[in-house]
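Trainee: Any chance you can model this:
(6 chains)
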Protein chains: 4
Amino acid sequence: MTGTARSKRADARRNEQTLLDAAAAVFVSSGVDAPVRAIAKKAGVGMGTIYRHFPTRADLIVAVYRHQVEACVEAAPRLLREAATPYAALTRWVDQFVDFLATKHGLAGVMQSSSADFEALHKYFLERLVPVCAELLTAAVESGEVHQHVEAYSLMRGIGNLCVFADGDARYDPGRMTRLLLAGLTQPDLADPG
Amino acid sequence: MTGTARSKRADARRNEQTLLDAAAAVFVSSGVDAPVRAIAKKAGVGMGTIYRHFPTRADLIVAVYRHQVEACVEAAPRLLREAATPYAALTRWVDQFVDFLATKHGLAGVMQSSSADFEALHKYFLERLVPVCAELLTAAVESGEVHQHVEAYSLMRGIGNLCVFADGDARYDPGRMTRLLLAGLTQPDLADPG
Amino acid sequence: MTGTARSKRADARRNEQTLLDAAAAVFVSSGVDAPVRAIAKKAGVGMGTIYRHFPTRADLIVAVYRHQVEACVEAAPRLLREAATPYAALTRWVDQFVDFLATKHGLAGVMQSSSADFEALHKYFLERLVPVCAELLTAAVESGEVHQHVEAYSLMRGIGNLCVFADGDARYDPGRMTRLLLAGLTQPDLADPG
Amino acid sequence: MTGTARSKRADARRNEQTLLDAAAAVFVSSGVDAPVRAIAKKAGVGMGTIYRHFPTRADLIVAVYRHQVEACVEAAPRLLREAATPYAALTRWVDQFVDFLATKHGLAGVMQSSSADFEALHKYFLERLVPVCAELLTAAVESGEVHQHVEAYSLMRGIGNLCVFADGDARYDPGRMTRLLLAGLTQPDLADPG
DNA sequence: TATGAATGAGCATTCATTCAT
DNA sequence: CATGAATGAATGCTCATTCAT
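Mentor: Numbering: from 1, shown residues only, chains lettered A, B, ... in the order given. Down below sits the predicted model:
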C-alpha cells in the first residue's frame, strides 16, 4: 500500500520535474507567456497534466524559478559574511540575480506585473527578494559605502528591468548595467543639471 | 488638376494626422498593443485606412512618436551648448527621453523587442538616438566627467529598459533610476568584488 | 457613396438573415446551447461573423426568436377582440406561444435561466410576454371564467416548462397539457386532499 | 472463505452507500451534472471506483434516487386506500413526486431528456412511475372525478416538466402548477376556442 | 481610395474516461 | 480492487489581416 503510494508519488514527482524542465526550456525560447500547449508538447504530456500540477500560470512560473530565487535568498547571508564589504556583497548578490534573470525571457515583466493573473508570482518574487535586498542595502548604507537612498523595492524593479530583453543581444550586457547602477548608489550627491 | 492633386495631398495629410492623434490617444489608454479596430474607431476611419497609411504596427508607432524622438535628437546640440558640462547635458537629455518614454504604456517594451514585428521600430529608435547619445557620451568622457566606458547602444538599451513597466507603479521612479545609472558612469573605477 | 453604403448594408442584412436561419436550424437540432462553431459552419461563415452580429449568445437567441415573440405580443389584442370570451383568447394565445416554443429545444430552459449570460434573454422574454399574459389573464378573471389566482409570471413559467423536451416525443403533447393547465384555472376551488 | 466473501460484499455495500450519499450531496449543491471528480472527492474515493460501481452517470443518478422513486411507487396503493377519493389519491401522489423532484437541481431536466446518455435514467423513471400513475388515473376516471382523457405517460412528462428549473425561483411554485394541471383533468369539457 | 464585413488561426480551460501502478 | 494521474476533445472568444463593394 505504502509502496504503491510511494511509487505513484515518485512517478508524479518525476513527471513534475519533466514539466518544469520543459517549461523552463519553452520560457527561454518563447517567454513566460508561451502557450500551455507548447509547454505540454515539449514535455510530451497532455495539457491537462500541466493544469493538474500547476493550476495557474503563476504557479508554474514560480515553480520553475523557485530554486533559483531561493538560492538568491540563501546566498545573501553568506555573501555578507564572505565579501570584503557589504557593498561588495550587494554587488555579488545582484550579479547572481542578474545571471539568473537575464536569460528568462519575459520573466522580469511578469514578475512585476500588477495583473491579477500574476498576483501570486508578483508577491512571491517581491516577498522573497525585497527583504534580502533591503538587508544588503542597509548594510551597505551603514558601512558608509552607499550614499544614495533607494528603496529595496525600487532597486529590485530597476535591476529586473535592466534584465529585460537581455538575451540574444550580444551588444547589451545587463551585468555591466547593474554594476553601473549600483556604482551610482555610492555617489555622495547627484548634481542637479536641470 | 494640380490644385486637385494638391488638395488631395493636403486631405491625406490631414487624414494621417487624425490617425496619429487617435493612435496616440489609444496608446495612452490601452498601450501600444491596442487592437487596430480601437484605433480605427477612435479615428473615425476604417481599419483599411490605417493599413494603407501604416502597413505594420511598427510603422504606426514610429509615426506616432517620431516628433518626440526627433525632438530628442534635436535637443542634444542645444543641451550640449547650454548645459554647464557635457555630463549635465547628457543627464538632461536622458531625463527628457525618460519623460517621453516612461509614460508611453508598453512603448519601452516594444521598442526594445527584438521581435521581427517591431524590427522597423527598434531600428528607428536606435538609429536616431544612439548617435546622439554617443555624441553626448563622448563629450562627457572627454570632459573627464565620465570614467566608465559604455557603448551608447548599450546605454540606450539600459535606459529604455529602466522605463519598462514604469507607469502605474508609484513606488518605482525610472527618472531616479536613470540618474543613478548615469552617476555610475562617473565612478573612476568599479572595484571587482567577485 | 450612398449606393455603396446601401449595398453593403444590404449584404450585411442578407448575411444576418442567413445567420439567423442557420442558428434557428441548429437550435432545433442541438438546442440553444449549440457550439458557436456549429452555427457558423451551418451558416457557412466564420465564427467571427457571428460574434460581430451578435456579441453574446443571448443576443443571438433573442434575434432568432424576436419575430415570433413579437407576433405573440401583437396577437393578444386581436385575440381579445375576436375570441368569444377572454378565456378563449387566453387559450388561443397560449396555443400560439406553445406552437412557437415547443419545438425550440432548450429555449424554455434558457429563457428562465437566472445565469448572468442569459440575463438579456430572460429579461426580453419576460418583459414582452408577462404583461401580455397578465392582460389576458386579468380579462379572463374579470369575465368570471378564471377563478384561480395565478401570477402571469408564474403561468408563463409553467407554460414554458410544459414545452421543454416536447419535440421528438410523439407521445407527449404540450398543447394538450397547457390546455389542461388553463382548464385548471377555471376551477372554482381546488379541494385539499391532504 | 464464505466469511471473507460475505464481509467483502458487506464492505462493498457500505462503500456503495458512501458513494450514493456523496453523490446526493453533490447533486444538491451542483446539480446532477456535477463533475465526477467532485463526487469522488466528496466520497473520499478515486474516480475509478465510481465508474466501477456506476458505469454511466445515468446509473449513478438512478441509484441515488431509486429509494425515493420506489417510495413513490409504493405510496400509491396506500394513498388509494386512505384518501377520500381516487382523485385525492392522485393529487397527493403527485404532490409527493413534485416534492421529491422539484428540489433535485437538474434532475427533472435530465429525467425527461431523450439524450442517449440518459436513456437508462429516462426509462427507469418512466417504467416505474407510469404504471402507478396510470392506476391512479384510471381509478379517478372510474370514480367519475376525472373527465379528461390523458395517457399516464403524458401526464408524468407534464408533471416532470413543471418541476424543471423550479428551485431558486421563489416566484414559481411547481406544486401549485401541478395542482392546476390535475384540476384541469376534472373539467367535463374543454371548449374549443379555435 | 476608403470602408468594415468576414475569416480563421490561436489560446485558455474543463472534464469524461482510461489505465498503469 | 482502488487510485488518481494523464489524455485530449470540445468550446468560447479575440483580433490581425484581407478584400469585395
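Trainee: Could you use CA atoms for every contact and neighbour count after this?
Mentor: OK.
Trainee: Identify the residues contacting the spatially closest residue to residue A:95 that is not a sequence neighbour.
Mentor: Distances taken as Cα to Cα, 6 or more residues apart in numbering or on different chains place residue A:175 nearest to residue A:95, at 6.3 Å, with adjacent residues excluded. Taking Cα atoms under 8 Å, 6 or more residues apart in numbering or on different chains, we find residue A:175 in contact with A:95, A:98, A:99.
Trainee: which SSE is the first one in?
Mentor: Yep, that's residue A:95 we're talking about. Here residue A:95, judged by DSSP states H and E, is contained in helix A:86-101.
Trainee: list the helices and strands that helix packs on?
Mentor: For helix A:86-101, the packing partners by 3 or more Cα pairs under 8 Å, 6 or more residues apart in numbering or on different chains; DSSP states H and E come out as helix A:57-82, helix A:119-142, helix A:152-162, helix A:174-185.
Trainee: Ok, which of the ones you listed comes nearest DNA strand E?
Mentor: helix A:57-82 (6.4 Å; Cα to the nearest atom of the strand).
Trainee: Would you indicate which residues of the closest one are buried?
Mentor: Neighbour counts over helix A:57-82 (16 or more other Cα atoms under 10 Å in any protein chain shown) mark A:57-65, A:69, A:72-73, A:75-76, A:79-80 as buried.
Trainee: and the residue in chain A that chain D sits nearest to, how many neighbours does it have?
Mentor: Residue nearest to chain D within chain A (Cα to the nearest Cα): residue A:52, separated by 12.5 Å. Around residue A:52 sit 10 other residues, with neighbours defined as other Cα atoms under 10 Å in any protein chain shown.
Trainee: in the helix or strand containing it, what's buried?
Mentor: For residue A:52, the host element (DSSP H and E) is helix A:47-53. Neighbour-count burial for helix A:47-53 flags A:50, A:53 (criterion: 16+ other Cα under 10 Å).
Trainee: avg pLDDT for that helix?
Mentor: If you average the pLDDT over helix A:47-53, you get 95.
Trainee: ok, now stretch A:85-99?
Mentor: Mean pLDDT, stretch A:85-99: 96.
Trainee: and the residue of chain A nearest DNA strand E?
Mentor: residue A:35 (3.5 Å).
Trainee: State the distance from that residue to residue A:51.
Mentor: 12 Å (Cα to Cα, to the nearest Å).
Trainee: what sits against the residue in chain A positioned nearest to chain C?
Mentor: Chain A approaches chain C most closely through residue A:37 (21.0 Å), counting by Cα to the nearest Cα. Taking Cα under 8 Å, 6+ apart, we find residue A:37 in contact with residue A:47.
Trainee: ditto for residue A:94
Mentor: A:159, A:178.
Trainee: Please repeat the previous calculation with a cut-off of 10 Å.
Mentor: Counting by Cα atoms under 10 Å, 6 or more residues apart in numbering or on different chains, residue A:94 makes contact with A:72, A:76, A:88, A:100, A:133, A:136, A:156, A:159-160, A:175, A:178-179, A:182.
Trainee: Pull out the buried members of those.
Mentor: The buried subset of those (16+ other Cα under 10 Å) comprises A:72, A:76, A:88, A:133, A:136, A:156, A:159, A:160, A:175, A:178, A:179, A:182.
Trainee: Was I right to think the fourth one contacts residue A:159?
Mentor: This means residue A:133. No - the criterion here is Cα atoms under 10 Å, and residue A:133 misses it with residue A:159 at 11.0 Å.
Trainee: Go ahead and confirm residue A:148 touches residue B:180.
Mentor: Yes - with contact defined as Cα under 10 Å, residue A:148 counts as touching residue B:180 (8.5 Å).
Trainee: Between the two, point out the one with more neighbours.
Mentor: Taking neighbours as other Cα under 10 Å, residue A:148 and residue B:180 compare with residue B:180 leading, 22 against 16.
Trainee: So the more buried one versus residue D:190, what's the distance?
Mentor: 92 Å.
Trainee: Residue ranges of each domain in chain A, please.
Mentor: Following automatic domain parsing, one finds the domains of chain A at A:1-55, A:65-187.
Trainee: Redo those as a markdown table? Include distance to residue B:45.
Mentor: A markdown table is the format used below for the domains of chain A (distance: least, Cα to Cα, whole Å):
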| stretch | distance to residue B:45 |
| --- | --- |
| domain A:1-55 | 33 |
| domain A:65-187 | 32 |
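Trainee: Out of the ones you listed, which one sits most buried?
Mentor: domain A:65-187 (a mean of 19; mean count of other Cα atoms under 10 Å in any protein chain shown).
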